[in-house]
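Asker: build me a model from this:
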Amino acid sequence: MKILVRDKSVKILKRTPKKSIEELREHSLVILNKPKGPYSRKATRFLHDLGIKKAGHAGTLDPITTGVLPVFLNRGNKISGILTISKKIYRANMHLHKEVPNTKIQKTVKKFTGKIEQMVPKKSAVKRQVRTREIYKSKIEKIKGRNVTLYVECEAGTYIRKLIHDIGEELGVGANMDQLERIKSGPFFLKHAHSIKVINEAIKSKDETKLRKVLLPLERAVEEMPKVWVDDGVLKPFSYGSPIYYNGILQLTDNIEFKDKVALFNTRNELIGIGISRGNSKELLTETEGTAIRNDINLTKIKWYQKNY
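Answerer: Sure thing, here's the model as predicted:
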């Protein structure tokens, strides 16, 4: 992403100031390496036992699934939906019901790339209907007998279990998923995830180093989003629900399209909320009158913003 500057007269900090541990406890996120067994909600229940009032996970993982599960704490819950709609990467084990030549498996898996249609499973929390989802990349990592390890990069809301079922149907032998690991959600990979034990010990402790390792500032969650930096003069109106006007924009990234969700920052490079763009990057850079960004999620009522502005 390239930065486009609209107003050079206002200085913007290159790095977000370090937040206090108190601030991080109130609004941050942790990246859980979910174990096999519990549903997402049950896997995050231990956080409530540690005094965290609210803990909302981004994207549900069923009992068989392990791996990256971002969990937003307290006021951070307001932006948990941002990662729910972000790109995902999975590693899955597909068990074929009969032997199939390796070359046929390779050719069939390649067919399931690009736009695909999936029927929402009966047990899903969303309405059962046919949905279109995109598979950005799918490849075979290993074939051992009737077990095939798949690597899948996909749009949010893709059902990997259904994908494997459909590949099995295309092969004419049937297949089921017996193992699934999410290895990326939004900007977070497995290397960023921690076990329940590590997060538990860090939050219980008063060790700042351990706490900063697991409590991530909300700015980390929007690293892959289009971004807009605004003048501090718009913060008070924004906190009451007003939109961002063109003359309040200082700089922006070059990857914004009409109706995109954008991460909004102040001059201290702190996340102040999420907006919905009324134009693309070129329009946000050049237009002078009217509404540029609609107010969607507002973080400016959080105490440290009111203290500083």
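
Asker: what's the longest strand in this protein?
Answerer: strand 130-144 (DSSP state E).

Asker: that strand - contacts with which helices or strands?
Answerer: On a contact count with 3 or more C-beta pairs under 8 Å, 6 or more residues apart in numbering; DSSP states H and E, strand 130-144 meets helix 102-111, strand 114-119, strand 147-154. Yep, even glycine has a C-beta here, placed from its N, CA and C like the rest.

Asker: make a markdown table out of those and add mean neighbour count and mean pLDDT.
Answerer: Formatted as a markdown table, the helices and strands packed on strand 130-144 follow (neighbours: other C-beta atoms under 10 Å; pLDDT from 0 to 100):
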| stretch | mean neighbour count | mean pLDDT |
| --- | --- | --- |
| helix 102-111 | 14 | 95 |
| strand 114-119 | 13 | 90 |
| strand 147-154 | 19 | 98 |
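
Asker: what distance do you get for the closest residue to Met1 other than its chain neighbours to Asn280?
Answerer: Leaving out its chain neighbours, the residue that sits closest to Met1 by C-beta to C-beta, 6 or more residues apart in numbering is Thr253, at 4.3 Å. Applying C-beta to C-beta, to the nearest Å, the value for Thr253 to Asn280 is 11 Å.

Asker: cool, and Pro243?
Answerer: The gap separating Pro243 from Asn280 is 17 Å, by C-beta to C-beta.

Asker: now do Ala263
Answerer: Distance, Ala263 to Asn280, using C-beta to C-beta: 16 Å.

Asker: again with Lys142
Answerer: Lys142 sits 43 Å away from Asn280, going by C-beta to C-beta.

Asker: nearest residue to Glu287 other than its sequence neighbours?
Answerer: Spatial nearest neighbour of Glu287, chain neighbours left out: Tyr246 (4.8 Å); criterion: C-beta to C-beta, 6+ apart.

Asker: verify the stated contact: that neighbour with Ile293.
Answerer: No - checked against C-beta atoms under 8 Å, the pair Tyr246 and Ile293 is beyond contact range at 9.1 Å.

Asker: where are the low-confidence patches of the stretch 201-309 of the chain?
Answerer: For the stretch 201-309 of the chain, the stretches with pLDDT under 70 are 301-309.

Asker: any idea how far Pro187 is from the residue positioned nearest the centre of the chain?
Answerer: Nearest to the geometric centre of the chain sits Leu83, at 2.0 Å (C-alpha atoms, centre = their mean). Using C-beta to C-beta, we find Leu83 at a distance of 9 Å from Pro187.

Asker: what about His97, how many neighbours?
Answerer: Other residues near His97 number 12, with proximity taken as other C-beta atoms under 10 Å.

Asker: that one is in contact with Asn147, isn't it?
Answerer: No - applying C-beta under 8 Å, one finds His97 not in contact with Asn147, separated by 11.5 Å.

Asker: re earlier: pretty sure the residue nearest to Met1 sits against Val222.
Answerer: No - here Thr253 does not reach Val222: they are 11.1 Å apart, not a contact under C-beta under 8 Å.
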